[in-house]
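Structure for this input, please:
(chains A and B)
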Amino acid sequence: MSTNETNVPGALGRVVATERKPNTPHEFHFWTALDSPVGIGTIVRVDGDQAVNGQLPRIYGIVVEGFSYTDLQTPLHDVLGHDGTPAGASLAATKRAEIRLYSAAVLRQVPEEPLQPVPMGEVFLADDQDVAIALRMDGYLREDARTGIPVGVYRAGGTDAPIYLDADFLLGPEAAHLNITGVSGLATKTSAIEWILSSIFAHFPAQKGSVAAVCFNVKGPDLCFLDKPGDIDAADRALYDKCGVPARPFENVQYFAPFKPDGFSLNTLRSNEELLENVSSLTWGLREVLQYAEVLLNKDDVDAKADALIDFIRERVVDREFQDAMLGNRRYFVKSFADLEDWFRDVLSALEGKNSEGWRTHHIATIRKVRNRLSNISTRCAGLVTDSGSVSDLPFGSFEDRTVYVIDVASLEEAAQDLIFARVVTKLREHLEKRDLGVNHVVVFVDELNKYAPSDGQDTYVRKMLLDLAERGRYLGLVLFSAQQFRSQVHRRVVGNSGTALYGRMDADELATPGYSVLSPAVKTKLATLEKGQLMVRHPHFTQPIFVRFPRPAVMRGRDGAERYPQAADVDLESAVLRSLRTLDPSLTLGWVRDAIGIRDDDEVIRARNAVLRERPADVRKAFTSHLRPVVAAEAAPRPLAPPLRTAPSDDPYGF
Amino acid sequence: MLATLLPDASLANAADAPVDQPARPTEPPRTISAVVIEGGALRARRVFDPPEAGIAAFLDGTQQSRTVYCTEDGVPIVHGTVAAVVRERRNSRLYTWRHSVAHRLYAPRSRISSSLWQRLGETGIEVRDTTEGGEEHAAGGHPFALREAAVHGVQEDRERAESELAVEWCEREDRPLLVDGSMSGTDRVAAAPGVVGVIKSHHTLYAEGEALSRVLGLRRGERSSVFRITSQKRTTVASWYLRVRDRRGIDPMWGLVRLEVSHPERVDEHEIGARADLVSRWVLAETSPIALPDPRWDTLVYGVRDCEEFLRAIV
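So this is what the prediction gives:
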């Protein structure tokens, strides 16, 4: 029973209906005292007093509109009453009779059938149990099959009720995906995602398997300090306690970032030496990139002919032995951009030598064009794509439960960001299809969704992939958590497939778009004035949006982290190698690194460093030096003996 | 319910207008000379101090009556509802202190059959005999006269309901109570020092000749001298006129009210004058908020209008 029999709270309102403003099965009206705690978003319960099929009806609703008026028939009467002097109004001995009239949208009727207009009755403030019933949370908060994920706390008139999302509808398979929208700068979107990930990690039911998160850090240091504790106050702690989520940072976080164009400095704001322990480089070679060539090459670059040549290179040239008579039956093993460049040079030289226009149905102009575009990739994505073909990747196949994998792409060019996003998501999908990723569910968090999946503009590979993820990901356990400032500017199939939608403070212009027409003016007003830490939640089980509060994430804010752990200054190659190898062996010194590197060229050193970081050997010194080619000691070449000069005969008359 | 009990007679049309339209005075308007107890002659006096919210509660009553049944020979059975309320002011807002509602049937017992009288009693509603006063005899049993007698009975019940609430207030409270209408009908109320009666209609004016001119010439914020009202049927009270709104050259009765308070046992001219000033300030304070859209808004105080609205909602 929602009403405690020993402490029955009094009614705070009464249902009213008139012919002009009747109640319906989906909406009802009630009035309250002037000082009642009811407001927009308050959940109330109506107790009917006329039994239907032997059961007294109970109706749960959420306040969506409010009205206030007095017995004044026209404002002019008030003007007359005070002789046109506003100050005179304050002298009145009596305040006019005034009403607080509210409209509420029905959340649930018990019994559900027959569905009837809301009856007259007393209105009560919903308590915790009422909230659970009203939002149908009772269906997934059962002890034997609990799948609730706290999203925040509903607070009204002394009621502090945790609001749960259904894991089956948040992470699949019934529905999935979450989208959050709101204006920038109010610490809502990123904070909310961090909070919900904490909540998921704390409450995701064991019987549903394991879960990890892959977050793309697309701007600033937002997600760079998820493993460091942040400042939260007592109110936040109370919210954490209420929701049963530990108020601590993420325990397992792995960071990935490409290098800067120099090839050895990590291109991330989390480059402080104290934090490098869980930061890995992200570098790909030709094989990894060629599969996603269309991400980097737009339609103007790649016509059908160019596409055919790229396919040929991918299928017949890369990662296999290649021979061709025109090339003098030389054996090619193309594994890197450098190898590919050699191959292209030989093909074009051979064609020019023969004065030929084509080779294997490919026109020389097409070959030149494809060479130009592919070679350009390693320049555009310098630091991510290596000429050498060395690969440092996410641990596909060995993902760990309750671990966050952050890929910092904030400082990268758009093309490189697209490439990373496309490849990572595709790899996740492939591994989830094969059930060998290491976890059963992966949450992929993408901010600035309006940039990657805009509602207008040309169809890009990334947008197609996001659509596919939104429409089919839930069957695989691949779940998209996305965020943007303007929901109306995101492809409707992406946001439409998000089973759960969160809204922070909204821009008035955005609220004026058709997507928000289902919201009442009062709810829109509330959305436009939401405080930090407040969200409006839509979820498949909730028939109406609900307002909740959530705590500040217990992780260090990006701005604070950037101040406390300043980005490492760019250093020379030896120092960069030392900094990264020290994460494996703190006893290393700069002198040892310099001695080990010697006179070797940068590419070789970087390749060796990357190999060691990838292998994480017990003996770092030995492994590092083993990846460097031995240097043969310089020896003086033996001086050949010069043949003795023939001396001219003494009797030679022409001798000099 | 009545149709069940009285199947052998036609019910009156329920859509008929209520029979208790505001009773028109049966006597012609008149002026009466009253004994002035503040000074020698009735004159205009300025209420100098500003209005003050001194009234703690307001009392008003209402009545509704409808002919619900007529016998074959035209005898009306009237259903009457009377209600009264005291609305108390707390923190500038009005709340119900006490209210009462009563439903009764009014019928002339001597003109209907005993079986019908008995069946009326079986309705569970109190039945009142309208022949007790013997008024219908004078009209020779004319149905209109019988109906008038019933309405008169309803009116008496309404006044009784108001008096009962006023008495209860006086027994429990010392704070000032503003009563809509005369307070002289009940001894206990008329003698209570905290009760103020506000009379808005002036069918009878308690001034003649030059005194009347002074009353009608009062300007806003001015009151007349206090005079005594004595009646055989009613308790003696002290009274005076007060102009609560500027008449601006229109109807001389516009914005004019007559106030009643208890008559002191021993009249002290200064004391009664000071009391009249204080009560006038209380009533002037009640002119805001304005009682529009009620057509009597020039004299109707908002607290009384609030009582009327309350009664309209519950009756």
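
Quick check, pLDDT for residue A:6.
Here the pLDDT value assigned to residue A:6 is 43.

actually residue A:511, not the one I wrote
Value for residue A:511, per-residue pLDDT: 94.

So what's the residue count around it?
19 (other CB atoms under 10 Å in any protein chain shown). Yep, even glycine has a C-beta here, placed from its N, CA and C like the rest.

can you pull the contacts of it?
A:519, A:524, A:527-528 (CB atoms under 8 Å, 6 or more residues apart in numbering or on different chains).

List buried residues within those.
Buried members of those, counted by 16 or more other CB atoms under 10 Å in any protein chain shown: A:519, A:524, A:527.

and which of those residues is nearest chain B?
Closest approach to chain B among these (CB to the nearest CB): residue A:524, at 31.4 Å.

give me phi/psi at the closest residue to chain B within the stretch 151-300 of chain A?
Distances between the stretch 151-300 of chain A and chain B by CB to the nearest CB are smallest at residue A:157, namely 21.0 Å. When read as degrees, to the nearest 10, the backbone of residue A:157 gives phi 50, psi 40.

Kindly report the same for the one 4 residues further on.
Backbone dihedrals for residue A:161, given as degrees, to the nearest 10, come out at phi -120, psi 120.

Give me the neighbour count for it.
If we define neighbours as other CB under 10 Å, then residue A:161 has 23 of them.

is it in a bridge, and if so with what?
Here residue A:161 sits in beta bridges with residue A:154, going by DSSP bridges.

Phi first, then psi, for the closest residue to chain B within the stretch 401-550 of chain A.
With CB to the nearest CB as the measure, residue A:522 is the residue of the stretch 401-550 of chain A nearest to chain B, at 24.8 Å. Residue A:522 adopts backbone torsions of phi -70, psi -40, taken as degrees, to the nearest 10.

what's the residue in the stretch 1-150 of chain B that chain A sits nearest to in contact with, if anything?
With CB to the nearest CB, the shortest gap between the stretch 1-150 of chain B and chain A falls at residue B:53, namely 3.5 Å. Contacts for residue B:53 (CB under 8 Å, 6+ apart) come out as A:93-94, B:89, B:282, B:285-286.

did I read that right, it in a strand?
No: counting by DSSP: H, G, I helix; E, B strand; the rest coil, residue B:53 is located in no strand; its state is coil.

Would you state the predicted confidence (pLDDT) at it?
Looking at residue B:53, the pLDDT reads 92.

quick one: average pLDDT of stretch A:313-323?
On average, stretch A:313-323 scores 89.

quick one: the residue of the stretch 401-550 of chain A closest to chain B and residue A:40 touch, right?
Yes: using CB atoms under 8 Å, residue A:522 makes contact with residue A:40 at a distance of 4.7 Å.

Can I get the contacts of residue B:53 in JSON lines including secondary structure and distance to residue A:34?
Formatted as JSON lines, the contacts of residue B:53 follow (DSSP: H, G, I helix; E, B strand; the rest coil; distance: CB to CB, whole Å):
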{"residue": "A:93", "secondary structure": "coil", "distance to residue A:34": "18"}
{"residue": "A:94", "secondary structure": "coil", "distance to residue A:34": "14"}
{"residue": "B:89", "secondary structure": "strand", "distance to residue A:34": "15"}
{"residue": "B:282", "secondary structure": "helix", "distance to residue A:34": "25"}
{"residue": "B:285", "secondary structure": "helix", "distance to residue A:34": "22"}
{"residue": "B:286", "secondary structure": "coil", "distance to residue A:34": "21"}
